[in-house]
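Enquirer: after the sequence you'll find the predicted model.
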Amino acid sequence: MLKLHEKSGEDTVALMADIGGNARAAARPLAVASTKAKNAALVAMADAILRNEQAILEANAIDISNGEEAGLSGSFMDRLKLTPSRIKAMAEGIREIAALEDPVGNVIAAWDRPNGLHIERVRTPLGVIGVIYESRPNVTADAGALCLKAGNPVILRGGSDSLNSSAAIHACMVEGLKAAGLPQDAIQLVPTTDRAAVGEMLKGLGGNLDVIIPRGGKSLVGRVQTEARVPVFAHLEGICHLYIDRSAKLDMAVQIAVNAKMRRTGVCGAAETLLVDRAVASTHLVPILEALRAAGCEIHADGEAMKAFSDASPATDADWVTEYLDAIIAVKLVDGVAGAIEHIETFSSHHTEAIIAEDAQAVEKFFNEIDSAILLHNASTQFADGGEFGMGAEIGIATGKMHARGPVGVEQLTSFKYRVRGSGQVRP
């Protein structure tokens, strides 16, 4: 098990410098590690997680108890809690990553020049990756496994609320590395709750950190984007919208709306705003809201929607820009797909949006005119997940536009280089 570092100040600075140096030392052997060795490590990690289920649950129980004493919100506690089924899913996710094609060394493109030069663009590891995340202990497994598959050492800085759980999972990851003969420092977990550790990562650990990926709330991501001296893959809040078009099938709209909001309210793909075409307010609005209410959802509705459904609270301007991560949804009537697009482009965090419609033209307009990382048609926003995309898992949903966008999986954790083959050419 990870030994916790209790000191702070200069001791944390020295600790983080060592972690950064160890990660850099692991970078080259990991970059050239065989697919067989990486997959063997991943399978051994999955086995270790299942074998140590009880130890992980006991560690998680400590975090849960501490969280209850600290008065953490229900949605936060849901993200923190591990169960046998979630642990099994964690192990299965690692096995799925092992089964993915190894991106390292893949030729992305190749072409020949008139002078006879043959040029290839080839995937390479990004380098040392830092992942800063809150509450979700499963990120320890997902991020560690994804970075390993892509040939990158990773430094994991989990939230203080989940440190015991993360440490138990990390021990399984290290066990897998040992079994495959790979550097143990390829996956490191920061063993301190001292906030100065995050500051050191944002400074780049003396040039040893190549990329930072924040996964958490708005304040965490904002701090990372403001202070980081290395490139950032931003995972912003998920203010996700579900639009019910006039052509939507009512039964489908009801089913998807309840799932999109209530399946798991604490995930970033949970729908936070429901937009309903004014043309079907008389037929679709009340059945959808009644189903949401029956599922335990609190409704914040605009004035027009409240006239049809009185069991709601008045929506305020803040509701349109709030990621609740809870059983609350904001509801508004709009003038067709154009009105939905206008609202979404004004208030969205550009994470995930969905349209329920049978009108192909409405769907194409929605897809073409909304600039979000993930767009869905007749499907729940809760499919905004790397595993559901067939990517094995994800570190997060990137909402920026540079390098990675949408689910950040193994391919997004690589860069590329050019290989140019000649036969004696010189440039005139």
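Expert: Yes, it's here.
Enquirer: where does the prediction get shaky in the stretch 301-428 of the chain?
Expert: Applying pLDDT under 70 to the stretch 301-428 of the chain flags the ranges 392.
Enquirer: now do the helices in it.
Expert: For the stretch 301-428 of the chain, helices defined by DSSP state H, counting those that start in this stretch occupy the ranges 303-308, 336-347, 360-369.
Enquirer: would you state the helices of this protein in chain order?
Expert: In the chain, the segments counted as helices under DSSP state H are 10-31, 35-51, 53-70, 74-80, 84-99, 138-149, 163-180, 196-203, 218-227, 250-262, 286-294, 303-308, 336-347, 360-369.
Enquirer: got the CA positions of the third one in PDB?
Expert: The C-alpha atoms that make up helix 53-70 are tabulated as PDB, following Å, rounded to 0.1, in the frame of the first residue of the first chain:
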ATOM      1  CA  GLU A  53     -11.700  -6.300  -3.900                       C
ATOM      2  CA  GLN A  54     -12.200  -6.500  -0.100                       C
ATOM      3  CA  ALA A  55      -9.100  -4.400   0.600                       C
ATOM      4  CA  ILE A  56     -10.400  -1.800  -1.900                       C
ATOM      5  CA  LEU A  57     -13.800  -1.800  -0.300                       C
ATOM      6  CA  GLU A  58     -12.400  -1.400   3.200                       C
ATOM      7  CA  ALA A  59     -10.200   1.500   2.000                       C
ATOM      8  CA  ASN A  60     -13.300   3.100   0.300                       C
ATOM      9  CA  ALA A  61     -15.300   2.700   3.500                       C
ATOM     10  CA  ILE A  62     -12.800   4.900   5.300                       C
ATOM     11  CA  ASP A  63     -13.200   7.600   2.600                       C
ATOM     12  CA  ILE A  64     -17.000   7.200   2.700                       C
ATOM     13  CA  SER A  65     -17.000   7.600   6.500                       C
ATOM     14  CA  ASN A  66     -14.800  10.700   6.300                       C
ATOM     15  CA  GLY A  67     -17.000  12.100   3.500                       C
ATOM     16  CA  GLU A  68     -20.100  11.700   5.600                       C
ATOM     17  CA  GLU A  69     -18.500  13.400   8.600                       C
ATOM     18  CA  ALA A  70     -17.400  16.200   6.300                       C
END
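Enquirer: tell me how many other residues surround Val286.
Expert: 14 (other C-beta atoms under 10 Å). (C-beta placed from N, C-alpha, C; glycine too.)
Enquirer: and if you look at the one 3 residues further on?
Expert: Using other C-beta under 10 Å, Leu289 has 24 neighbouring residues.
Enquirer: next: Asn22.
Expert: 18.
Enquirer: and the gap between the spatially closest residue to it that is not a sequence neighbour and Leu148?
Expert: Computed as C-beta to C-beta, 6 or more residues apart in numbering, the closest residue to Asn22 that is not its neighbour in sequence is Asp185, at 4.0 Å. Separation of Asp185 from Leu148 (C-beta to C-beta, to the nearest Å) stands at 12 Å.
Enquirer: and for Ile397?
Expert: 21 Å.
Enquirer: what about those two, which has more around it?
Expert: Each of Ile397 and Leu148 has its neighbours counted (other C-beta under 10 Å); Leu148 has more, 31 against 27.
Enquirer: which parts of stretch 99-118 are buried?
Expert: By 16 or more other C-beta atoms under 10 Å, the buried positions in stretch 99-118 come out as Leu100, Asp102, Pro103, Val104.
Enquirer: please report how far the first one lies from Gly386.
Expert: Look at Leu100 and Gly386: by C-beta to C-beta, they are 11 Å apart.
Enquirer: check the last one too.
Expert: Relative to Gly386, Val104 is positioned 18 Å away (C-beta to C-beta).
Enquirer: so where is this protein shaky, pLDDT-wise?
Expert: By pLDDT under 70, the low-scoring segments of the chain are 1-9, 235-236, 392.
Enquirer: would you map out the domains in it?
Expert: Domain ranges of the chain: 10-235+395-420, 240-383, per automatic domain parsing.
Enquirer: got a list of what the closest residue in space to Gly387 that isn't next to it in sequence touches?
Expert: Nearest residue to Gly387, sequence neighbours excluded (C-beta to C-beta, 6+ apart): Ala393, at 5.5 Å. For Ala393, the contact set (C-beta atoms under 8 Å, 6 or more residues apart in numbering) comprises Gly93, Ile94, Glu96, Ile97, Asp142, Ala145, Leu146, Gly386, Gly387, Gly409.
Enquirer: now swap in Gly127 and tell me
Expert: Gly127 touches Ala27, Asn152, Pro153, Asp210, Val211, counting by C-beta under 8 Å, 6+ apart.
Enquirer: would you format those as JSON lines with distance to Glu237 and neighbour count included?
Expert: Output for the contacts of Gly127, formatted as JSON lines (distance: C-beta to C-beta, whole Å; neighbours: other C-beta atoms under 10 Å):
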{"residue": "Ala27", "distance to Glu237": "32", "neighbour count": "21"}
{"residue": "Asn152", "distance to Glu237": "26", "neighbour count": "28"}
{"residue": "Pro153", "distance to Glu237": "28", "neighbour count": "30"}
{"residue": "Asp210", "distance to Glu237": "25", "neighbour count": "21"}
{"residue": "Val211", "distance to Glu237": "21", "neighbour count": "22"}
